[in-house]
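Asks: Got a predicted model here, sequence first, then my questions.
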Amino acid sequence: MGQRILLKIGSSVVTTPQGNPDHESLALIARAIAERKVAGDQFLIVGSGAEEWGRRVAQLDEDFDVDESRIEQRGVLRATLRQQIRTIAGQPLIVRHYADAFARQDLCLIHLLVARQDLAEQSRFDRLRSVVMNLLRLGLVPFFAHNALAIHSEPAFGGEDELACLLATSLQVDRLILMTDVDGIFDGPPSDSNSTPIREILDLEATAIRGLEEFGDGVRAKLEAARLLRGFGIEMQIINGRSLGSLRDALSGSTAVGTRFPARGRKLKLRKSWVALAADSRGSVCVSSFLADSLAAGKPASILLIGVEKADGEFRNRDVVTVVDISDRKLGRGQVRMSIGDLKQYLEHRRVGMDSRPSSTILIHCDEFVPAPTTEIESSRSDG
């Protein structure tokens, strides 16, 4: 059986130094995907660079004229409005060139604009997932881009890397490949000519990376994504998408290209894969030290009402919350079976010794709880 693979393709991979579409690179990507689809692999793509293509190809420079008179949100700045317009103008241009390249390989690309809440809200995510799974079943290639119009009406993605990370966990992919313009993660800072690429990282904490503070925010974000994804059973690889044949080599399993982060944990089940990262956390639940130690040790356990110390937020029944211990150490996330109003009433009755008999003694069932990756638990312990 083939793998489900998500490609996050950086704008520099499919754009020439002059800012025009790189048709040769697009053709190589399409050819590599077509070859692996024959072997049974499924592909999803997160594209980037729409704003840049809107600026260059649609000729929307930094200072084109905009009219803000009809904007209800007066806090939207001209620069932000220009950014949205360039992104909206650039998205169909990107999709057109991708679709043309893929069509030459008899591949059909399907463009999906997504907002943060399409993943964060359960009902919206369930609809999105149903559509995507059927597209894959039909042999089509979903191409994701963030919805620029939702940037100020809803919470936004931190960038295409975050979108790719959330899609990877919630859509249960086997591998995430980040295509950039560098050869992976190096063992030293970019300014050091002696730095060489690290081909495989099994333990992020034990791997020596000199001068990490000199790396940009993008590299540090990719390392953090690798920490999370590996713990959830997803392999990640960073490759130089501008290097001829690198994608084909990576898809064939070669470890001689880029930097590979092999999966460490087990793949999550369907509902847990959404709870893990994509769902919005609507509040927090603090548990007793005994229960916290069991959860931190990775022991499967439901969170019973008797083990809850306090709760914060505005969550309803079936919302996702963050579970912490009394020192605010993050233990994981789970779906609650009680609203915060009912939970606080139960906790108050328990405090004053009143008899309280809720319909269930379980607040979060073990099948709906996802432990935080070990490194995240240890990090919050040391921060505290």
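Replies: Received, thanks.

Asks: quick one: the helices in this structure?
Replies: 23-38, 50-56, 78-103, 116-120, 122-137, 160-170, 217-231, 246-251, 270-276, 289-296, 340-352, 374-383 (DSSP state H).

Asks: Quick one: list the elements packing against the fourth one.
Replies: By that I understand helix 116-120. In terms of contacts (3 or more CB pairs under 8 Å, 6 or more residues apart in numbering; DSSP states H and E), helix 116-120 is packed against helix 122-137, helix 160-170. In short, each C-beta sits where N, CA and C put it, glycine included.

Asks: if we go to 10 Å?
Replies: If you count contacts as 3 or more CB pairs under 10 Å, 6 or more residues apart in numbering; DSSP states H and E, helix 116-120 packs onto helix 122-137, strand 141-146, helix 160-170.

Asks: between the ones you listed, which one is nearest to Arg333?
Replies: Closest approach to Arg333 among those (CB to CB): helix 160-170, 11.5 Å.

Asks: Looking at the closest one now, give me its mean pLDDT.
Replies: For helix 160-170, the mean pLDDT works out to 91.

Asks: what's the most buried one of the helices of the chain?
Replies: helix 160-170 (a mean of 24; mean count of other CB atoms under 10 Å).

Asks: Centre of the chain to it, how far?
Replies: Counting by CA atoms, centre = their mean, to the nearest Å, helix 160-170 is centred 2 Å from the centre of its parent chain.

Asks: Mean pLDDT lowest where, among the helices of the chain?
Replies: Of all the helices of the chain, helix 374-383 carries the lowest average pLDDT, namely a mean of 43.

Asks: Of all the residues in stretch 257-269, which ones are buried?
Replies: Using 16 or more other CB atoms under 10 Å as the test for burial, stretch 257-269 gives Val257, Gly258, Thr259, Arg260, Phe261, Ala263, Arg264, Leu268.

Asks: What values do phi and psi take at the last one?
Replies: So the one you mean is Leu268. Dihedral angles of Leu268 (phi, psi; degrees, to the nearest 10) stand at phi -80, psi 150.

Asks: Next one: it from Gln172, what distance?
Replies: Computed as CB to CB, to the nearest Å, the Leu268 to Gln172 distance reads 7 Å.

Asks: can you list residues touching both of those two?
Replies: Phe232, Gly233, Ile234, Trp274 (CB atoms under 10 Å, 6 or more residues apart in numbering).

Asks: close enough to count as contact, the third one and Ile177?
Replies: No. With contacts counted by CB atoms under 10 Å, Ile234 stays clear of Ile177, the gap being 11.0 Å.

Asks: okay, these two: which has more neighbours?
Replies: Set Ile234 next to Ile177 and count neighbours by other CB atoms under 10 Å: Ile234 wins out with 27 against 24.

Asks: what about that one, distance to Val219?
Replies: Look at Ile234 and Val219: by CB to CB, they are 19 Å apart.

Asks: List the residues that contact Ser281.
Replies: For Ser281, the contact set (CB under 10 Å, 6+ apart) comprises Ala120, Val275, Gly313, Phe315, Asp319, Val320, Val321, Thr322, Val323, Arg333, Gly334.

Asks: Could you turn the buried ones of those into a ChimeraX selection?
Replies: Applied in ChimeraX, the following selects the buried portion of the contacts of Ser281 according to 16+ other CB under 10 Å:
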select :120,275,315,319,320,321,322,323,333,334
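
Asks: The contacts of Ser281 in strands, which ones?
Replies: Counting by DSSP state E, the part of the contacts of Ser281 found in strands is Gly313, Val320, Val321, Thr322, Val323, Arg333, Gly334.

Asks: nearest to Phe64, of these?
Replies: Nearest to Phe64 among these, with distances taken as CB to CB, is Val320, at 41.3 Å.

Asks: Quick check, the closest one in contact with Gly334.
Replies: Yes. With contact defined as CB under 10 Å, Val320 reaches Gly334; the gap is 6.9 Å.

Asks: Could you check how far the nearest residue to Ala148 once chain neighbours are set aside is from Gly47?
Replies: Of all residues not flanking Ala148 in the chain, Thr87 sits nearest, at 4.0 Å (CB to CB, 6 or more residues apart in numbering). Distance, Thr87 to Gly47, by CB to CB: 12 Å.

Asks: Give the residues shared as contacts by these two.
Replies: Both Thr87 and Gly47 are contacted by Trp53, Ala145, His146, under the criterion CB under 10 Å, 6+ apart.
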